[in-house]
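Trainee: take a look and give me a structure for this.
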Amino acid sequence: MQNLILRSSINVTFWDSFAEQFDKEMNQVLEKLTIIILSGCRVGLWNDEVDLSRVGGTQWYLNYNHYNVVILRKKLAQPDFSQQMYALDKHKRVELLNVATIKSLGKDYIMREVCAHLNIQSVEENEKWYCTVCTDCEQEVVLDEENWFTISAVATDDSGSIELMLDDQQIRPIIGKRAVQVFKQKKDEASSSMQQDTTQASNATYHLDGLSQLNFQSPTRSKTTTK
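Mentor: Sure, this is the predicted structure:
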């Protein structure tokens, strides 16, 4: 089999009825090039080469109807896809930078991580503070099992200010709650309020009190654009 990402090949060994069924289904595939996903294989060596073979839990998927397969097929049309996405670069240390330096970074820092010591000054209260879908695919909406925090904020240091997107991993330690717990808290408050006939249940934005007084240090992805 050919490794489509690394533009190389790998040996795969099936036998008996399992191999016959695989061969039968391969002959029925209409869309070429065929993308094969193998799971639960044994990795071994044969004649000093890596070989995948079948075990009890081995399964295969041919042109599986999944958005990652669709994305892979599109990227395979790019001649430099493997070098562009999977080049074995040396690990680069995360740099500690200030706001002014981050804003001046060029295109070489796109998708690179940097570290900054910032003070959060304000949180955007008019935007949705959680995410409920997977946004990797433009054609399919995949509901998540749990809501995740995603909050817009403005942070500063001695060199200036910058807009940030704080994600679930960063917000949860600050407020000590998961997004689903915040939803439950607001739902319980609304239910209690309705029972007492004092206020009407509201879907107002939840306020994260105290964020502006915190010093927050986390890896920050720098995204730069060039004209």
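
Trainee: what's the closest non-adjacent residue to Gly44?
Mentor: Asp51 (5.1 Å; Cβ to Cβ, 6 or more residues apart in numbering). Where C-beta positions appear, they are placed from N, C-alpha and C, glycine not excepted.

Trainee: which elements pack onto the helix or strand that contains the one you found?
Mentor: Using DSSP states H and E, Asp51 maps to strand 49-53. For strand 49-53, the packing partners by 3 or more Cβ pairs under 8 Å, 6 or more residues apart in numbering; DSSP states H and E come out as strand 11-13, strand 42-46.

Trainee: tell me the angle of that strand relative to strand 42-46?
Mentor: With axes from the mean of the first three to the mean of the last three Cα atoms, to 10 degrees defining the directions, strand 49-53 sits at 140 degrees from strand 42-46.

Trainee: can you pull the buried residues of strand 49-53?
Mentor: Leu52 (16 or more other Cβ atoms under 10 Å).

Trainee: circling back: bridging across strands, which residues link to the residue nearest to Gly44?
Mentor: Following DSSP bridges, Asp51 is listed with bridge partners Asn11, Gly44.

Trainee: which residues touch it?
Mentor: Ile10, Asn11, Val12, Thr13, Val43, Gly44, Leu45 (Cβ atoms under 8 Å, 6 or more residues apart in numbering).

Trainee: got a PyMOL select line for the buried ones in these?
Mentor: Restricted to buried positions by 16+ other Cβ under 10 Å, the PyMOL selection for the contacts of Asp51 reads:
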select buried, resi 12
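
Trainee: what helices and strands are in contact with the longest helix seen in the chain?
Mentor: Scanning the chain for the helix with the most residues, using DSSP state H, yields helix 179-196. For helix 179-196, the contact count by 3+ Cβ pairs under 8 Å, 6+ apart identifies strand 142-157 as packing neighbours.

Trainee: quick check: mean pLDDT of the strand it packs on?
Mentor: Per-residue pLDDT over strand 142-157 has a mean of 75.

Trainee: now do stretch 14-28
Mentor: Stretch 14-28 comes out at a mean pLDDT of 90.

Trainee: how about the CA coordinates for stretch 17-35, as CSV?
Mentor: What follows is stretch 17-35, C-alpha atoms only, in CSV (Å, rounded to 0.1, in the frame of the first residue of the first chain):
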residue,chain,number,x,y,z
SER,A,17,-11.0,-15.3,4.2
PHE,A,18,-10.0,-11.9,5.6
ALA,A,19,-7.7,-11.2,2.6
GLU,A,20,-10.4,-12.5,0.2
GLN,A,21,-13.0,-10.2,1.6
PHE,A,22,-10.7,-7.2,1.4
ASP,A,23,-9.8,-8.0,-2.2
LYS,A,24,-13.5,-8.3,-3.1
GLU,A,25,-14.4,-4.9,-1.6
MET,A,26,-11.4,-3.2,-3.2
ASN,A,27,-12.6,-4.4,-6.6
GLN,A,28,-16.0,-2.8,-5.9
VAL,A,29,-14.6,0.6,-5.1
LEU,A,30,-15.7,3.1,-7.7
GLU,A,31,-13.8,6.3,-6.6
LYS,A,32,-10.1,6.3,-7.4
LEU,A,33,-7.7,7.0,-5.8
THR,A,34,-8.8,4.7,-2.9
ILE,A,35,-8.1,6.0,0.6
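
Trainee: buried residues in it?
Mentor: So for stretch 17-35, counting by 16+ other Cβ under 10 Å, buried means Phe22, Ile35.

Trainee: lovely, talk soon.
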